[in-house]
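Asker: Sequence and computational prediction follow.
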Amino acid sequence: MAYIRKVGVLGQGHVGAHVANSLLMQGLVDELYLCDINDQKLTSEAQDFRDALSFYPHNCKIVTCGAEYEKLAGCDVIVNAAGQVSAAAGNRDGELFITTDIARTFIARIADAGFKGVWVSISNPCDVVCTEIWRLSGCDPKRVVGSGTALDSARLRNAISSKVGLDQHSINAYMLGEHGASQFAAMSCVSFGCKTLAELAAEQPERFGFDQAEVEDLARQGGYVTYAGKGCTEYAVAQAAVRLVQAVLGNEHYVTCCSTLLTGEHGEEGIFSSIPCVVGANGIEETFELPLNEREKAAFHASCEHIRGNIAKLGDWWNTEARV
């Protein structure tokens, strides 16, 4: 009997619609479940996708769910892209109360309907929303995967590539911590093939001895360069999410930096934050601790404290019996 791959996408704004389109374009889904509280927007997006089915690799059943979130219970993966991007114009924390309020309308309903798949969450602030999904759903935290700094790490590789002239796919480099202003580059761990950045900088200082702080800031600020002229980011973050979905559906054991529940890594626990993870059919399979230097360790702790501060802003709701 054929296996039917089912994916749900919550929110059909700039990012959610691109996630849906990329899933269809890459032929990753057999049934696609779309949710949005704007009925006309949802109807229009679904019509556009159905009109394009002849041009995708294969046919797909497209189901519009509106706010009937229980219909997503049978999905293998649910992508949470619900939010209000305009609120993040200043920083990603701007959506804090908006995205958490939205998430409370569907997390428990989907969990109570019997969802046993993997959550892939994009909504900002990503690490706080992931923590909320875990606490409200009561699911195994390994089944909650935040896009986190997967995108920021791609921006870092892009910035390094522009300095050294090597293909981004050949560069191992990660941004760690919060998907936000407190993220940082683990520059001490950057490598090209089997050669570390430090080794190459010693051998070819004119090429590899670039300003590391400048490159880190290019990665940190890249999203706002995009936002300045478009009023949103869409393509790159959608692809980061779809790559995680692909890793789950294909049980790939894919290594990337993404947001996961910390359980003692680098001395931190109890919150979601981005570190290198192995992603497979059940979500996060294992995590890797990088050999960070002292500056990077301090940056990681500071980033985690910022995430905790955002959670604290949500107030006593976290401590009520409304959550699991």
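Answerer: Everything's here; your move. Numbering: from 1, shown residues only.
Asker: What is the end-to-end distance of stretch 285-292?
Answerer: Taking C-alpha to C-alpha, to the nearest Å, stretch 285-292 runs 22 Å from one end to the other.
Asker: Need the residues that contact it.
Answerer: Contact with stretch 285-292 is made by 142, 174, 176, 186, 188-189, 253, 255, 260, 265-266, 275-279, 296, 300, as judged by C-beta atoms under 8 Å, 6 or more residues apart in numbering. Where you see a C-beta, it was placed from the backbone N, CA and C, and this is true even at glycine.
Asker: which among those end up buried?
Answerer: 142, 174, 176, 186, 188-189, 260, 265-266, 275-279, 296, 300 (16 or more other C-beta atoms under 10 Å).
Asker: These: which two are farthest apart?
Answerer: Pairwise distances across those (C-beta to C-beta) peak at 27.7 Å, for the pair 142 and 188.
Asker: and the residue lying closest to residue 121 once chain neighbours are set aside, how far is that from residue 305?
Answerer: Spatially, and ignoring its direct neighbours in sequence, residue 121 is nearest to residue 80 (4.2 Å; C-beta to C-beta, 6 or more residues apart in numbering). Distance of residue 80 to residue 305, computed by C-beta to C-beta, to the nearest Å: 25 Å.
Asker: Please identify which of the two sits among more neighbours.
Answerer: Using other C-beta atoms under 10 Å as the criterion, residue 80 and residue 305 rank with residue 80 on top: 30 against 13.
Asker: pLDDT at the more buried one, what is it?
Answerer: Looking at residue 80, its pLDDT stands at 97.
Asker: partners of it in the sheet?
Answerer: Beta-bridge pairing of residue 80 under DSSP bridges involves residue 10, residue 121.
Asker: Surely it and residue 118 touch.
Answerer: No. Using C-beta atoms under 8 Å, residue 80 makes no contact with residue 118, being 11.2 Å away.
Asker: Give me the number of neighbouring residues for residue 115.
Answerer: Residue 115 is flanked by 23 other residues according to other C-beta under 10 Å.
Asker: Residue 227 too?
Answerer: Burial measure for residue 227: 15 neighbouring residues, criterion other C-beta under 10 Å.
Asker: what do you get for residue 235?
Answerer: Neighbours of residue 235 (other C-beta under 10 Å): 13.
Asker: which intervals of this structure have sub-threshold pLDDT?
Answerer: 1, 85-94, 316-324 (pLDDT under 70).
Asker: Centre of it to the edge, which residue is at the far end?
Answerer: residue 203 (35.9 Å; C-alpha atoms, centre = their mean).
Asker: how close does it get to residue 175?
Answerer: Distance, residue 203 to residue 175, by C-beta to C-beta: 25 Å.
Asker: Let me see the ranges of the strands in the stretch 51-200 of the chain.
Answerer: Assigned by DSSP state E, counting those that start in this stretch, the stretch 51-200 of the chain shows strands spanning 61-66, 77-80, 118-121, 144-146, 171-172, 175-176, 184-185, 191-192, 195-196.
Asker: Put together a markdown table for the ones you listed, with distance to residue 309 on each row.
Answerer: Shown next, in a markdown table, are the strands of the stretch 51-200 of the chain (distance: least, C-beta to C-beta, whole Å):
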| stretch | distance to residue 309 |
| --- | --- |
| strand 61-66 | 35 |
| strand 77-80 | 22 |
| strand 118-121 | 20 |
| strand 144-146 | 18 |
| strand 171-172 | 31 |
| strand 175-176 | 18 |
| strand 184-185 | 17 |
| strand 191-192 | 33 |
| strand 195-196 | 34 |
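Asker: Let me know which of the ones you listed is the nearest to residue 22.
Answerer: Among the strands of the stretch 51-200 of the chain, strand 77-80 comes nearest to residue 22, with 10.5 Å by C-beta to C-beta.
Asker: Mind listing residues that contact that closest one?
Answerer: 6-11, 16, 19, 72, 103, 110, 115, 117-123, 129, 133, 241, 245, 248-249.
Asker: so what's the closest residue to residue 156 other than its chain neighbours up against?
Answerer: Distance criterion C-beta to C-beta, 6+ apart; nearest residue to residue 156, sequence neighbours excluded, is residue 219 at 3.8 Å. By C-beta under 8 Å, 6+ apart, the residues touching residue 219 are 152-153, 155-156, 158-159, 175, 185.
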